[in-house]
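**Q** next come a sequence and a model predicted from it.
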Amino acid sequence: MKSEVRELLTEQLKDAYSAEKQALRCMQRTLRKASNATLREGIQLHIEQTQVQIERVEQAMEKMSVRPGRKICEAMRGLVEEAQHEMEEHEEKGAILDLVIVAGMQRIEHYEIAAYGTDIALAQAVGEEEVAALLTETLEEEKQTDLKLTEVTQTSIMPEALAGEEEEGGAESGGTPRGASGGSRRKKAA
Ligand code: FE
Ligand code: FE
Ligand code: FE
């Protein structure tokens, strides 16, 4: 039934609203811990984008005549908690902590990408084209953020992390990991 799909969409919008607000706070805390200049710029840009994304969700909810309410996105809560916990295990600022930051942020971006994909499909299904358009703008930003995180890791953070390892008499330099983060912990050389 169409009204039930609409209802589902409004619940998803409330979830997105909570998720974005949690992600924003997480990035604000994360920015203080990041060292790599490009990573820092990326986080700062996505903080600004996220502030607009929150406004977009508000606009979408207005169009559907719903209020945010008290819904908490439990998944984002878990992702943020895990990311913060991992960061706390790496006191020292530098390339390794930057890898940990990227690992946490990419998990968050992927959750958002998945959620907005669903939300856009729901909006289109019930003919909420404006809502779909708003969420599509956001989805593109999430995808771009994910790509940029991969790029900065491959071009700058990972080489730095591996170079740091060499100084300690460790790893051989070499293949760039396929994943952006390639694991959140330092890998021991074989
Ligand atoms: Fe977002
Ligand atoms: Fe959620
Ligand atoms: Fe995001």
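**A** It's in. Ligands and ions are numbered 1, 2, ... in the order given.
**Q** dump the residue contacts of the residue sitting nearest the centre point of the chain.
**A** Nearest residue to the geometric centre of the chain (Cα atoms, centre = their mean): Glu109, 2.8 Å. Glu109 sits next to Glu142, Lys143, Thr145, Asp146, Leu149 when contact means Cβ atoms under 8 Å, 6 or more residues apart in numbering. In short, each C-beta sits where N, CA and C put it, glycine included.
**Q** can these go into JSON lines with extra columns for pLDDT and distance to ligand 3?
**A** Below are the contacts of Glu109 laid out as JSON lines (pLDDT from 0 to 100; distance: Cβ to the ion, whole Å):
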{"residue": "Glu142", "pLDDT": "98", "distance to ligand 3": "5"}
{"residue": "Lys143", "pLDDT": "98", "distance to ligand 3": "9"}
{"residue": "Thr145", "pLDDT": "98", "distance to ligand 3": "5"}
{"residue": "Asp146", "pLDDT": "98", "distance to ligand 3": "8"}
{"residue": "Leu149", "pLDDT": "98", "distance to ligand 3": "10"}
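**Q** report the buried members of those residues.
**A** Listed as buried from the contacts of Glu109 are Glu142, Lys143, Thr145, Asp146, Leu149; burial here means 16 or more other Cβ atoms under 10 Å.
**Q** how about the residues of the protein near ligand 3?
**A** Glu109, Glu112, Glu142 (Cβ under 5 Å from the ion).
**Q** look up the closest residue to the residue nearest to the centre of the chain, ignoring the ones flanking it.
**A** Of all residues beyond its chain neighbours, the one nearest Glu109 is Asp146 (4.3 Å), with distances taken as Cβ to Cβ, 6 or more residues apart in numbering.
**Q** please, where are all the strands along the chain?
**A** Ranges of strands in the chain, per DSSP state E: none exist.
**Q** report the helix or strand with the lowest average pLDDT across it.
**A** Every helix and strand of the chain was ranked by mean pLDDT, DSSP states H and E. The lowest is helix 158-167, at a mean of 84.
**Q** with only the CA atoms kept, save that helix in PDB.
**A** In PDB, the C-alpha atoms belonging to helix 158-167 read as follows (Å, rounded to 0.1, in the frame of the first residue of the first chain):
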ATOM      1  CA  MET A 158      49.400   5.100   3.300                       C
ATOM      2  CA  PRO A 159      52.800   6.000   1.800                       C
ATOM      3  CA  GLU A 160      53.500   8.000   5.000                       C
ATOM      4  CA  ALA A 161      52.400   5.200   7.200                       C
ATOM      5  CA  LEU A 162      54.500   2.700   5.400                       C
ATOM      6  CA  ALA A 163      57.500   5.000   5.400                       C
ATOM      7  CA  GLY A 164      57.200   5.400   9.100                       C
ATOM      8  CA  GLU A 165      57.300   1.700   9.400                       C
ATOM      9  CA  GLU A 166      60.500   1.400   7.500                       C
ATOM     10  CA  GLU A 167      62.200   3.800   9.800                       C
END
